[in-house]
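Trainee: Generate a structure from the sequence data that follows.
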Amino acid sequence: TKEIKTEMIDIFIPGKPIGKGRPRVCRNVTYTPKPTKDYEKLVRQCYIAKYADKQPIPAKIPLKVSIIANYPITQSMPKKQVKIIENGGAFTVRPTKKPDADNISKIILDALNGLAYYDDNQVVTLRIDKCYAKDESQVGVYVKIDEI
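Mentor: Numbering: from 1, shown residues only. Just a heads-up that it's a prediction; the model follows:
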């Protein structure tokens, strides 16, 4: 029998990248911070807008996920660095600020659990890049999911 490979999933989440917030404990109740909940909801909405009829990738299928988090260029950035970014050097000048790369991946993978794939334990290869966006329209997070 020939195995059918599903097509790659490719989505864009607009807006400044957000990392997964730590669960908070208040009076013996643990809750997820509102910014985390809101961003996970946005990630799910972006996925559903593009792949409304797609079934989650079944369990046991190994996945490769690539995430590119594009940050806005700050006002305080030297003009020389801005020119490098605008001329295609987004991988030359990189943001070394929050949110941490691992927290960006965590919020994205958790949000897509049960939606894009059965469970995020299927992710066996994960790449995260933090870059600066050339312009405001590119600020956001690009996510690609592919079967291995």
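Trainee: The stretch of helix or strand residue 44 belongs to packs against which elements?
Mentor: With the criterion set as DSSP states H and E, the secondary-structure element containing residue 44 is helix 34-51. Based on contacts counted as 3 or more C-beta pairs under 8 Å, 6 or more residues apart in numbering; DSSP states H and E, the elements that helix 34-51 packs against are strand 9-14, helix 101-112. For the C-beta atoms, the positions are set from N, CA and C on the backbone; glycine is no exception.
Trainee: What is the burial count for residue 33?
Mentor: Burial measure for residue 33: 13 neighbouring residues, criterion other C-beta atoms under 10 Å.
Trainee: contacting residues around the nearest residue to it once chain neighbours are set aside?
Mentor: The shortest distance from residue 33 to any residue that is not its chain neighbour, by C-beta to C-beta, 6 or more residues apart in numbering, is 3.8 Å, and that residue is residue 21. When the contact criterion is C-beta atoms under 8 Å, 6 or more residues apart in numbering, the partners of residue 21 are 32-33, 35-36.
Trainee: ok so, going back, how far off helix 101-112 does the helix holding residue 44 point, in degrees?
Mentor: Our comparison of helix 34-51 with helix 101-112, counting by axes from the mean of the first three to the mean of the last three C-alpha atoms, to 10 degrees, yields an angle of 60 degrees.
Trainee: pLDDT of helix 34-51, averaged?
Mentor: In this model, helix 34-51 carries a mean pLDDT of 95.
Trainee: Assumed residue 130 was part of a strand.
Mentor: Yes - checked against DSSP: H, G, I helix; E, B strand; the rest coil, residue 130 lies within a strand.
Trainee: so it touches residue 71, yeah?
Mentor: Yes - proximity of residue 130 to residue 71 meets the contact threshold set by C-beta atoms under 8 Å, at 6.7 Å.
Trainee: Give the residues shared as contacts by the two.
Mentor: Taking C-beta under 8 Å, 6+ apart as the contact rule, residue 130 and residue 71 both touch 17, 95.
Trainee: Which residue comes closest to residue 142 once chain neighbours are left out?
Mentor: residue 68 (4.4 Å).
Trainee: separation between the one you found and residue 110?
Mentor: When C-beta to C-beta, to the nearest Å is applied, the distance between residue 68 and residue 110 equals 18 Å.
Trainee: who's more crowded, the two?
Mentor: Neighbour comparison, residue 68 and residue 110: the larger count goes to residue 68, with 21 against 15 (by other C-beta under 10 Å).
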